[in-house]
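Trainee: quick check, what structure comes out for this input:
(2 chains)
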2 protein chains.
Amino acid sequence: MEKFTVQFIPYDTSIEVSAGESLIEAAMDAGVHINASCGGGGVCGKCRVVVEKGESVCEQADKLTQEEYDGGWRLACKTEVRDNLTVRIPMESSALKGGELPPVMPRTTARIRKMDFEALKEEGLFIPPMEKVYVELPPPDASDHSADVTRLFQHLKNVKGEEGLDIDFSVIRKMPKVLRDGDFKATVTLERPVKDGNKSRIINIQSGDRTDFNYAIALDIGTTTIYGQLFDLKDASVLGQYGKVNGQVSYGEDVISRIIYAEKEGGLERLRQVVVESINDVVGRLLSRSGVDMEEVSTVAIAGNTTMTQLLLGVDPRNIRRAPYVPAANVYPPLSARSLGIYLAEHTTALIYPLISSYVGGDIVAGVMGSGLYRSEKLTLFIDIGTNAEIVVGNKEWLACTACSAGPAFEGGGIKFGMRAAPGAIEDFSIDPVTWEPMLRTVGGVRPRGICGSGLITAVAVLFENKLVDSRGKFNTDLHTPRLRESEGIVEYVLVWADDTDIGRDITLTEPDIDNLIRAKGAVYSGCETLLNEVGLSIGEIEQIILAGGFGSYIDLDRAFTIGFLPEIATDKVVFIGNGSLMGAKMSALTNTLRQDVVQVVRMMTNFELSETPSYMDHYIAALFLPHTDLNLFPRLKARLSGA
Amino acid sequence: MEKFTVQFIPYDTSIEVSAGESLIEAAMDAGVHINASCGGGGVCGKCRVVVEKGESVCEQADKLTQEEYDGGWRLACKTEVRDNLTVRIPMESSALKGGELPPVMPRTTARIRKMDFEALKEEGLFIPPMEKVYVELPPPDASDHSADVTRLFQHLKNVKGEEGLDIDFSVIRKMPKVLRDGDFKATVTLERPVKDGNKSRIINIQSGDRTDFNYAIALDIGTTTIYGQLFDLKDASVLGQYGKVNGQVSYGEDVISRIIYAEKEGGLERLRQVVVESINDVVGRLLSRSGVDMEEVSTVAIAGNTTMTQLLLGVDPRNIRRAPYVPAANVYPPLSARSLGIYLAEHTTALIYPLISSYVGGDIVAGVMGSGLYRSEKLTLFIDIGTNAEIVVGNKEWLACTACSAGPAFEGGGIKFGMRAAPGAIEDFSIDPVTWEPMLRTVGGVRPRGICGSGLITAVAVLFENKLVDSRGKFNTDLHTPRLRESEGIVEYVLVWADDTDIGRDITLTEPDIDNLIRAKGAVYSGCETLLNEVGLSIGEIEQIILAGGFGSYIDLDRAFTIGFLPEIATDKVVFIGNGSLMGAKMSALTNTLRQDVVQVVRMMTNFELSETPSYMDHYIAALFLPHTDLNLFPRLKARLSGA
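Mentor: Prediction:
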């Protein structure tokens, strides 16, 4: 993608951005402040800047006169970067404090690591569990009456070196016709064994040569969202992606409420049907949009947390929420997708990701596999953040894991104006350190409707660094700004005035909201700390942090350190992998080696139950501050705060 | 069973019979003649005899005066043997020829060999493929959160030495509840692998100790009849037997017409449903009559010919009837009975008997296994007689087989008054060599309605030995008896006059009937001869003949030799095994060794297609005589005929 440089004056700072980003995004990333209240919708007209060098076009410039426009004035939120620009931020848009410019704090985003399928290919690991083999059999005649299956087996043995095969009954059923329709030229799909030495199994037969058509679907069954990806097993190329809300959300937001529903009469079956419907919607769209014939889909690789897995499989989850928290199984055999209700071909095989424990599920194992952690030399801390946070530490030699309940705050739950990261959610935020006026950006660049998890972290971090909020999460009510107020006994900060919103009400951030966030981040931080403690490590020894989860991809790393959400570590040691569960699921359909390895990984991973680790509560209480009772754990932040 | 001796005078012959047999049966077995026209119903009143010694009671003696009764007169057909008796056959009931008594020819029945399950047990072969194992697991607690499946696997490994197990998904699904309902005491059903070294598989789990309850059902799926047997896997004891007509008979009498029907739109599915309905009727009765809970039935072992097997499994059978006659498969994997539509528990596993070729099916393999032929030192000729006759020759070192179409004559098809061996079917027959008046017995001892296959063989043999029929199967029309007549150009012998029948018409045996029988027996005989020829053997080298099939159990061995149905061999070398298919099916559910052996047997058995063996037609034509063009092949018969 084409890159341009944007220089901000009077600040002595510039930033490289991708073509098409808005000037407000560029300012956010560069850490310079522009007042901006309406989230990017061009409504408030406050984000006025002057483009002094370079070509720029501002859409919907009705807040500017023609004269202003000709003079280079633009609305930063409505101006896309398509050239190298020099942009002046007028003093009215900011405020000088004793003639000094406000400090610049560029955003630190972690590197995003994608799966490197080419490397896997070069390592020779690209042998899918479901492989297609083309055969040309000698047709039967008076000298050879062998049964169809026997004929196929003999050929596979003598010509292809495939010995000791099993065969699915459904394949026998269709074989007579398939063989004759193709003049005894056919393609068989072999399911490779998990263990070397075990038998391969014939799961499908088709007339003619169909080896070029072998597809798979990876599914991440999240408590909230289901993501699917359709890809080609030849080269891992993606043919389609689709995500939709897990229909089970109507029956409870989190896994515990789902389990409680499942315990009701008919509840388990109802939840199973609902998630299967959602899956079928995802699968159906992937197929129809790509034009791939379901007959050519040999695998559906599924990863989900333990509760989602058991609900999908119709396995009673009640013991997951009852001490001592026992899942039904760690490993499930390959299953017919159709037997689960998933509308794919009769032979399409569902590979269910193995899981560790009631609260460290297949999604996490998939992340550990998909991120390559299990093959890494580096001592790694892997964190998947959602309603529950699952934490893994280790490398290719050893692995330990735990899980903690972060609560719904990261997904906007329990926050007065909290919402999911949908259009209108405030996802980025900064303030003018003098006027305390905000600059904000919403998902989709439309008028604000609320605030999402990543926006919340950023907002609290910014308010804390600017001393509007203290380390206990309380507002500094000594400050005089109309944005800080008490309403019905609750102190709150007005993020957006009603006029600039899409909902006609002031959007605020309250002290209880901050409390909720602190409890959530405290749970994650102390989970990491406790797990490291249990295995005798300190954060300084960690060589890499991998952040997984859709939510994780959007957080501003420095802001996360600021509130004490994550242990402070050099930012270049942090990588985002996005949806690790989907990534791992995809990998399991691409390389049989992984299926073999994953059983080992599940076996070698030590699970710690925080509820049974006495030190956890101490760590948790110590973490209920911004960033922590012990600021020395955050040396960079400490330096910055004392420098400010 | 109590035995009594019956002495017949004026003949110098006596016979030992079981208590309760009728005097007419005793006379039949002893080979002495009593006129008897009504089949044993006490209607014709012709079978009058005098009991001179011993106590006897004659029921329904309305054909006798009180004076006669007191004088010892009895109707032979209505007098059961309950004492040692001396019985005089009055001259009016027979006829002397020049003062000589008619020759006596006692019946030769083959030994009936039952499976010796005790011997199998002693050999240590009684390890069923589905075995129950009782476990007491340590319940989970804070120190051990293992998943339910993991807990079970660890216990099975550490305590029971069961390693590397597979598990059915359905077992995982019910495990959480089953384990807790039984306080972690449970019984698992293990399916043993066919091959040593492969994995055992957990197919069921039940709360508590259920090891004492492990049952199986053996099914013989015949083209005409379905037989089932329910038995205990502990000790092979039979808990119930039931047979019923295969509902598919409405869609065609033989396999070819079934295949033709299956080729029609929806035909295959219809035939599949129909046979499943019949099976469910058999299975349902076995369970309800015995009170066995279907949850405790772990196995249903199924044997049938190739067409019946493919129809039950819904596998298109069209290639069975088209050259080069190719079945879909020789070996089928174990299947869920319920997936086949058989109403048994979810875990009940159907073991389908492997088959050799399109016309040597699983029923024959089952017979070879059940009869012990595959473990026998003796060079054996195994014949299963039905609409098709399948012939196996060999011993434990080698095996060869073939099949020929005998046509429906043995089951009463194509015979003017032919019928199945149902009540009223003439099943035994002899004539007075002087008057040519018959003595006959029907199934159930009721008035005659027709003649069944075994009756037909006996009748033709008796007529041939008494020279009413010549070696070409033509009646000797020079003889003067009202029973021999020509009707509409067809010569026939009246077996029963209309008055004595249940159908109000004369029951006759026609020359075309005899032709049909000759073609049927010629096919079997020449099949045996051709197969022996192909493997370089003569009948003299055969050490044992095993006759299988319900029909085979009823035939009179000497009569069968007389018409040239079977190669002549010492009668003590012939054994009947009855339903070999059912016997083999039962054995496969009882001993896993057999499941291992049967794959070997299927592999080592050489199949000869008679249609591609040129000498078969010559042998067949030579066999279209009574007994054969070459009487020297039947030395005992030759001696008897020339001695007469």
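Trainee: I'd like the next helix or strand past the one helix or strand in chain A whose mean pLDDT sits lowest.
Mentor: One helix or strand of chain A scores below all others by mean pLDDT, DSSP states H and E: strand A:111-112, with a mean of 59. Next helix or strand after strand A:111-112 toward the C-terminus (DSSP states H and E): helix A:117-122.
Trainee: other SSEs contacting that next one?
Mentor: helix A:580-590 (3 or more Cβ pairs under 8 Å, 6 or more residues apart in numbering or on different chains; DSSP states H and E). C-beta here means a position set from N, CA and C on the backbone, and glycine is covered the same way.
Trainee: what packs against the next helix or strand after the helix it packs on?
Mentor: Sequence order places helix A:592-604 as the next helix or strand after helix A:580-590, per DSSP H and E. Contact here means 3+ Cβ pairs under 8 Å, 6+ apart; on that basis helix A:592-604 packs against helix A:362-370, helix A:580-590.
Trainee: give me the buried positions along the last one.
Mentor: Going by neighbour count (16 or more other Cβ atoms under 10 Å in any protein chain shown), the buried part of helix A:580-590 is A:580-590.
Trainee: can I get these in a markdown table including pLDDT and distance to chain B?
Mentor: Output for the buried residues of helix A:580-590, formatted as a markdown table (pLDDT from 0 to 100; distance: Cβ to the nearest Cβ, whole Å):
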| residue | pLDDT | distance to chain B |
| --- | --- | --- |
| A:580 | 90 | 22 |
| A:581 | 93 | 19 |
| A:582 | 93 | 23 |
| A:583 | 92 | 25 |
| A:584 | 93 | 20 |
| A:585 | 95 | 19 |
| A:586 | 94 | 23 |
| A:587 | 92 | 23 |
| A:588 | 93 | 18 |
| A:589 | 94 | 19 |
| A:590 | 92 | 24 |
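Trainee: make TSV from those and add distance to residue B:281 to it.
Mentor: Below are these laid out as TSV (distance: Cβ to Cβ, whole Å):
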residue	distance to residue B:281
A:580	55
A:581	50
A:582	51
A:583	54
A:584	51
A:585	47
A:586	50
A:587	51
A:588	46
A:589	45
A:590	50
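Trainee: which one of those is nearest to residue B:187?
Mentor: For residue B:187, the nearest member of the buried residues of helix A:580-590 is residue A:588. The distance, counting by Cβ to Cβ, is 34.1 Å.
Trainee: nearest residue to the closest one in space, ignoring adjacent ones along the chain?
Mentor: residue A:301 (4.7 Å; Cβ to Cβ, 6 or more residues apart in numbering or on different chains).
Trainee: helix or strand for residue A:457, which one?
Mentor: Per DSSP H and E: residue A:457 is located in helix A:453-465.
Trainee: that helix: what's the following helix or strand?
Mentor: Counting by DSSP H and E, the next helix or strand C-terminal to helix A:453-465 is strand A:484-487.
Trainee: how far off centre is that following strand?
Mentor: Remark: strand A:484-487 is offset 35 Å from the chain centroid, using Cα atoms, centre = their mean, to the nearest Å.
Trainee: quote the end-to-end distance of stretch A:64-78.
Mentor: The straight-line separation of the ends of stretch A:64-78 (Cα to Cα, to the nearest Å) is 12 Å.
Trainee: now that stretch: mean pLDDT?
Mentor: Averaged across stretch A:64-78, the pLDDT comes to 89.
Trainee: all good on my end, thank you.
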